[in-house]
Each structure stands twice: as structure tokens, then as C-alpha cells.
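Trainee: Test case, fold it:
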Amino acid sequence: MSGSIASYDQLVRQGGALKKENSHLRRELEDNSNHLSKLENETSDMKEVLKHLQGKLEQEARVMVSSGQTEVLDQLKALQMDISSLYNLKFASEAPSAGRGAEESPPAPASHRDCPGELGRATFRMLEELDRER
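Mentor: Residues are numbered from 1 along each chain as shown. Below you'll find the predicted structure:
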């Protein structure tokens, strides 16, 4: 009889430990879900910013084509690729479905794939040049 009481007590302790672990896992799942929602919102915001920038770039390109500034237009095309590349670098590692994002935006230029820091500096310089030209 004492063996069955010990077994019962042991099962009660195991049950309590499992309840604690279950609660812990539920909290962790909720935290992960909240974090995922935050990342999805940030991604959505960044997509809107990129759409806005792309619209501005296209508008600038039309103005430059009409005025014959094709060299600057080529620079704008490179800048647009750089922006898309930065987006891919930033969000490909965070998003669980990174394959979908790669289909939506063009791949990074081969010359910039291995140097994201240089890519960011080049993009920043281009944006500064565009501001000065305005």
C-alpha cells in the first residue's frame, strides 16, 4: 500500500511539473506570437516606405528622361536596386517565409552582395545627391 501512495505522490508531483511547463510554453508561444505580429507590422511599414521611395524614383526618372539626363537615370536604377537589396538583406533573415519576399523584389546586384555596409553608404550618398539636386 505504501508503494502505491508513493507512486500516487510521484504522479501528482509530475503532474504539477507538467502544468508549470505547459504554462511556461503557453507564455513563450504568446510572446513569440506578439513578436511575430510586431515584425509583420514593421515589414508592412517598410514595404509602404519602399513603395513611396520607388514612386519618387520613378517620378524623378521621368523628369530626367524628359530633360535628357540619362546618366543620372542609370544612377537612379542602381539606387532602386540597392534599396531592394537592403530590404532583402534586412528582412530575409527575420522572415520565416523569406522565399516569398525574394519573388517580389529583384535580386541584389552581384557587386554588392558581399558588402552590405558599402551598399548602405552608396545608397546614402545617392540620396544626398538627389536632395542636393532638388
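Trainee: Tell me how many other residues surround Met81.
Mentor: By other Cβ atoms under 10 Å, the residues close to Met81 number 18. Backbone N, C-alpha and C define where each C-beta goes, glycine included.
Trainee: mean confidence score for the host helix or strand of it?
Mentor: Counting by DSSP states H and E, the element that carries Met81 is helix 70-92. Averaged over helix 70-92, pLDDT sits at 71.
Trainee: now do stretch 49-62
Mentor: Mean predicted confidence for stretch 49-62 is 84.
Trainee: how about Leu130, what does it touch?
Mentor: Glu60 (Cβ atoms under 8 Å, 6 or more residues apart in numbering).
Trainee: Any figure for the gap between Gln59 and Asn32?
Mentor: 41 Å (Cβ to Cβ, to the nearest Å).
Trainee: got it, and Leu79?
Mentor: With Cβ to Cβ as the criterion, Leu79 and Asn32 are 36 Å apart.
Trainee: what's the answer for Ile5, then?
Mentor: On the measure of Cβ to Cβ, Ile5 and Asn32 end up 41 Å apart.
Trainee: Repeat that for Asn41.
Mentor: With Cβ to Cβ as the criterion, Asn41 and Asn32 are 15 Å apart.
Trainee: Ok, Asn88 next?
Mentor: In terms of Cβ to Cβ, Asn88 sits 24 Å off from Asn32.
Trainee: What is the burial count for Asp82?
Mentor: Asp82 has 20 nearby residues by other Cβ under 10 Å.
Trainee: next one: Gln80
Mentor: By the criterion of other Cβ under 10 Å, Gln80 has 20 neighbours.
Trainee: which residues touch it?
Mentor: Gln54, Leu57.
Trainee: quick one on the thing from earlier: which one of Leu79 and Asn32 has more residues nearby?
Mentor: A direct count of neighbours by other Cβ under 10 Å for Leu79 and Asn32 places Leu79 higher, at 20 against 10.
Trainee: what's the helix or strand for the spatially closest residue to that one that is not a sequence neighbour?
Mentor: Leaving aside its chain neighbours, Leu79 sits nearest to Met126 (4.5 Å; criterion: Cβ to Cβ, 6 or more residues apart in numbering). Element membership of Met126, judged by DSSP H and E, is helix 116-133.
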